[in-house]
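In: I'd like to go over a predicted model; first the sequence, then the structure.
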Amino acid sequence: MELRYPPLSRLTLVELKGENEEQVRTASERLAQLLKLARGPFEVLGPAPAVIGKIKKLFRWHIIVRAPKVDDPSGSLTRRALSAAIDGASVPAGKVQVIADVDPVGLM
């Protein structure tokens, strides 16, 4: 039984953060929806508020993208889908920041 976690899979933590909680939540929901609609060898978990939901006046939401390395060895399919979803999500520039961390050390 494969659990689909590292080292057999690649995780990408997508963090959205900003001062306005509603904007961050809305942007993370749009981004997650676009990722779920994308055709790719990955699974989308979330969005959900980060475990530590607010740091230095910035609200944080997380999306986790999990892709088996056997289906996407270089990560290029996942990277392409993530890039297209970020472009299509119309994230408010200057108000919500999007950070993608491939194979993160922690998920906090």
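Out: Cool, the structure landed.
In: tell me what the helix or strand containing residue 44 is packed against?
Out: Using DSSP states H and E, residue 44 maps to strand 43-55. With contacts taken as 3 or more CB pairs under 8 Å, 6 or more residues apart in numbering; DSSP states H and E, strand 43-55 sits against strand 9-18, helix 21-37, strand 58-68. C-beta coordinates here come from the backbone N, C-alpha and C atoms, glycine included.
In: which of the residues in the second one are buried?
Out: Within helix 21-37, the residues that qualify as buried are 23-32, 34-35, counting by 16 or more other CB atoms under 10 Å.
In: residue contacts, the nearest residue to residue 107 once chain neighbours are set aside?
Out: Of all residues not flanking residue 107 in the chain, residue 13 sits nearest, at 6.0 Å (CB to CB, 6 or more residues apart in numbering). Residues in contact with residue 13 (CB atoms under 8 Å, 6 or more residues apart in numbering) are 62-64, 100-101, 104, 107.
In: Same question for residue 39.
Out: Contacts here follow CB under 8 Å, 6+ apart; on that basis residue 39 touches residue 81.
In: what are the phi and psi values for it?
Out: Dihedral pair for residue 39: phi -90, psi 110, per degrees, to the nearest 10.
In: Could you check how far it is from residue 77?
Out: Here residue 39 is placed at a distance of 9 Å from residue 77 (CB to CB, to the nearest Å).
In: that older thread, show me what the strand holding residue 44 is in contact with.
Out: 4, 15-17, 25, 28-29, 31-32, 35-36, 59-67, 107-108.
In: Please name the residues that touch residue 70.
Out: residue 8.
In: for residue 93, same thing?
Out: By CB under 8 Å, 6+ apart, no residues touch residue 93.
In: And the pLDDT for it?
Out: pLDDT, residue 93: 86.
In: same check, this time on the one 5 residues further on
Out: Here the pLDDT value assigned to residue 98 is 96.
In: List the contacts of residue 29.
Out: Neighbours of residue 29 in contact, by CB under 8 Å, 6+ apart: residue 47.
In: I'd like the distance between the most centrally placed residue in the chain and residue 70.
Out: Nearest residue to the geometric centre of the chain (CA atoms, centre = their mean): residue 14, 2.8 Å. Separation of residue 14 from residue 70 (CB to CB): 22 Å.
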